[in-house]
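Enquirer: Output the structure for:
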Amino acid sequence: MLGGSIVESQALRNYKLWLEDPYIDEETKKELESIKDNKKEIEDSFFKDLEFGTAGLRGIIGAGPNRINKYVVRKTTQGLANYINTKGEEAKARGVVIAYDSRRMSREFAEEAACVLAGNDIKVYLFDDISPTPELSFAIRYLNCISGIVITASHNPAEYNGYKVYWEDGAQISTEQAQEITDEIDCVNDLRSIKMLGKELAKEKGLLLYLNEKIDNAYIEEVKKQSLRRDIVNKVSDEFKIVFTPLHGTGNKPVRRVLTETGFKNVIVVPEQEQPDPEFSTVKQPNPEDKDAFELAIELARKENANLIIGTDPDCDRVGAVVKDDTGEYIVLTGNQTGALLINYILETLKKNNNLPKNGVIIKTIVTSEMGANIAKRYGVETINTLTGFKYIGEKIKQFEKTDEKTFLFGYEESYGYLAGTYARDKDAVVASMLICEMVAYYYTKGMNLYDVLMDLYSRYGYFLEDLKSIKLEGKDGLDKIDSIMEYFRTTTIDDIGGRKVLYIEDYKSQRRIYMDGSNNVENIELPKANVVKFILENEGWVCLRPSGTEPKLKLYGGVKGSNLKESKEELAEIIAWVEEKIQEI
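Expert: As a prediction, this is how the structure comes out:
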C-alpha cells in the first residue's frame, strides 16, 4: 500500500491503525488514503498525539492524532469530563460553557465536545452563534460554570484550529490543571470508550442548553462600564471617524455594538472583511500584528480620512490600532506602544477624576516592554510581571480579589492583548477597542493624534523599541531543533549580545537569576517554571527566547531603550541579528 520507501515506524503503525479501525469514518479514511505516499505528512500527523498544554490544543485540521479533528476533540473532551467527574456531582451540575469562532470546523468541534460532555451527564451551555473568546471567559462566572471551552486558533492561518480550556474563575487552566487533564486524556486509550449523547437527546434531557442574546447583553454592559470619558465621545462623535475590520472573525457585532452604545456615530466597517469567512480570503493571515492585514482598511481610511483604524483577530481577543504619523501616513502601532498609550490614558484619567487607588497595579508579561512600567511608576502605580500568557494575568486578578492587597487597573501583553476590568479573565479586544477609540477621541479634542502622544511619551520616558521574530520549525525535526537551541542558550556562557554586555540571565526552567558580574550570585525567580531564557543587557536592553506553546515556532524577543528612535532601531537590529546568527550556527 505504502511502497518500500517508508520505513516501518511508530508513526506508520499508528497510521495503519487509523486506516483499519472501523470506528474511523469513511471520509477520514479517504483523507488518509490520499497521503499514503507522503512520508513526511504521515510522520508529522502520526508521530505523536497533539499536545495538550496550558493553552489547550492547537494544530492543523486533518486526520491523525497530531492533527485536530473530531476524534482528537472527542478524546480531549472525555479527558476533561473525567477530570470534572473527580470534582463531584456539584461540578457536573454547574456545567461547562462552550464558544467557538468563525474557523473551519469550529461549530462542528464545539458540538462534538458538547455531545461528549452530555454523554458524561455534564450540563453544557453552547453559544448559538460565533462569539468572542473574552465573552466565553465572562460567561463562565456569569453562569457559575465549573469550566469553559472555546474552539479557536486565534490569529493562525486558515488551516489551523484549536481547543482552549478555562476553569471556574474564567481564566485559562493552570499548569497543574493542564497536567492533570493531560493525564486523564492519556487514560482514554480506546476511542470506543468515549461517552457521547446525540444533540437532540441531550436537549431533551436538559443537558444541552443554547445561549442567546441575554448573555450578549450582560457581557456588553460589563464592557461599557469600563468607559472613562463618555462625555468626550459625545462631543466629537459627529466628526470623528473610525474604520474597523473584524478580519472575518467574531468581532464584527460586539465591537460595533459597544462603540455605537458608547456614542461613536461614524464606525465604518471594511465591507470585504465584515462577514465571517473561515478561509480569511482577503488576508495572508488574520493577524492584527501584521500590517498586511490592514491593507484594505488603510485604503478605506484614506478615502474617508479616518482618524483611527482598529482591527480584531478571529476570536476577538486581540486588537491592533493604526494611526497617522507626522507625514500623514497610516502606521500600525505595536502592541507595546498601544499598551503604553493606554496605561498613560487610563492613569491620567483616573488621577484627574480622583479615582486612582493607592494600591492600584498594572500587570504585564516578561516579554512586554518596560515603557508602560515606567509610565505607571510616574503615577505611583506598581507593575507586576508574569510569564507569557494571559492566564497568568488572570491568576493575579483572582489573587487580588481574594486578598484585597492590590486593585487591578490594567493588564496587557506585547501580542496585542489588553484587559481593563475584572468581568473577564482573558484579554478582550472588545473593551480594548472601546478604550482605544475613546483615547484617540480625547486627544483629538486637544488637537493631537495618537502618534503625537506617542512621540511625547518617548521624549519623556525614553525611546523604548521592541521586536519579535517567530522562527517556524515544524514537525519532529523542528521540535528537536528548538530543544537544541534552548539548551545552547541555557548552558553556554554569553557575555555580550550585539555589542551590549549581559548583566544577568533569567532561566525560568531552573527558576534562577544568574549574575554575570563575576560575583556568581544566584537568586530564585518567584514565577512558575517555564521553558524560557531571558538575557538582561546593559542600558535597559534585553533578549528572550521561548518556544511557542501553541504553534511550531521558536519566539525571539528583544528590546532596547535609546536616546532617539534612530539609535534604538540600530541597536535593536544588532541585538536581534546577533541572536539569529547564533541560532543559524546551532
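
Enquirer: What are the phi and psi values at K324?
Expert: phi -80, psi 140 (degrees, to the nearest 10).

Enquirer: Restricting to C-alpha, output stretch 125-145 in CSV.
Expert: These are the backbone C-alpha positions of stretch 125-145, laid out as CSV (Å, rounded to 0.1, in the frame of the first residue of the first chain):
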residue,chain,number,x,y,z
TYR,A,125,-24.2,25.8,27.7
LEU,A,126,-23.5,26.2,24.0
PHE,A,127,-23.4,29.6,22.3
ASP,A,128,-25.9,29.6,19.4
ASP,A,129,-23.6,31.7,17.1
ILE,A,130,-19.9,32.6,16.8
SER,A,131,-18.7,34.5,19.9
PRO,A,132,-15.5,36.3,21.1
THR,A,133,-13.2,34.4,23.5
PRO,A,134,-13.5,37.1,26.2
GLU,A,135,-17.3,36.6,26.2
LEU,A,136,-16.6,32.9,27.0
SER,A,137,-14.4,34.0,29.9
PHE,A,138,-17.2,36.3,31.2
ALA,A,139,-19.9,33.6,30.7
ILE,A,140,-18.2,31.0,32.9
ARG,A,141,-18.6,33.1,36.0
TYR,A,142,-21.9,34.7,34.9
LEU,A,143,-23.4,31.2,34.6
ASN,A,144,-21.4,29.8,37.5
CYS,A,145,-20.0,27.0,35.4
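
Enquirer: List the buried residues in it.
Expert: Within stretch 125-145, the residues that count as buried by 16 or more other Cβ atoms under 10 Å are 125-127, 129-143, 145. (C-beta placed from N, C-alpha, C; glycine too.)

Enquirer: can you check stretch 292-305 too?
Expert: Neighbour-count burial for stretch 292-305 flags 293-294, 296-298, 300-301 (criterion: 16+ other Cβ under 10 Å).

Enquirer: Closest to N217 out of those?
Expert: Of all those, A297 has the smallest distance to N217: 28.3 Å, by Cβ to Cβ.

Enquirer: who does the helix or strand harbouring the closest one touch, helix- and strand-wise?
Expert: If you go by DSSP states H and E, A297 is part of helix 295-304. When contacts are defined as 3 or more Cβ pairs under 8 Å, 6 or more residues apart in numbering; DSSP states H and E, helix 295-304 packs onto strand 241-245, strand 308-312, strand 319-324, strand 330-332.

Enquirer: One more pass at 7 Å, please.
Expert: Packing contacts for helix 295-304, counted by 3 or more Cβ pairs under 7 Å, 6 or more residues apart in numbering; DSSP states H and E, involve strand 241-245, strand 308-312.

Enquirer: quick one: average confidence on the first one?
Expert: Per-region confidence: strand 241-245 scores 98 on mean pLDDT.

Enquirer: and what of stretch 300-314?
Expert: 97.

Enquirer: That stretch: how far from the chain's middle?
Expert: 22 Å (Cα atoms, centre = their mean, to the nearest Å).

Enquirer: if I pick A306, what's in contact with it?
Expert: The contact partners of A306, by Cβ atoms under 7 Å, 6 or more residues apart in numbering, come to 241-243, 268.

Enquirer: I'd like the distance between it and V267.
Expert: Separation of A306 from V267 (Cβ to Cβ, to the nearest Å): 10 Å.

Enquirer: so what's in contact with those two at the same time?
Expert: I242.

Enquirer: can you map out the helices along the stretch 201-350 of the chain?
Expert: Shown for the stretch 201-350 of the chain, the helices assigned by DSSP state H, counting those that start in this stretch span residues 213-224, 230-236, 252-261, 295-304, 335-352.

Enquirer: er, the stretch 351-500 of the chain I mean
Expert: 371-378, 390-403, 429-445, 450-461, 475-491.

Enquirer: Now do E51 against I84, distance only.
Expert: 21 Å.

Enquirer: Compare neighbour counts for the two and give me the winner.
Expert: I84 (21 against 15; other Cβ atoms under 10 Å).

Enquirer: What residues does the more buried one make contact with?
Expert: 91-92, 122, 146-147.
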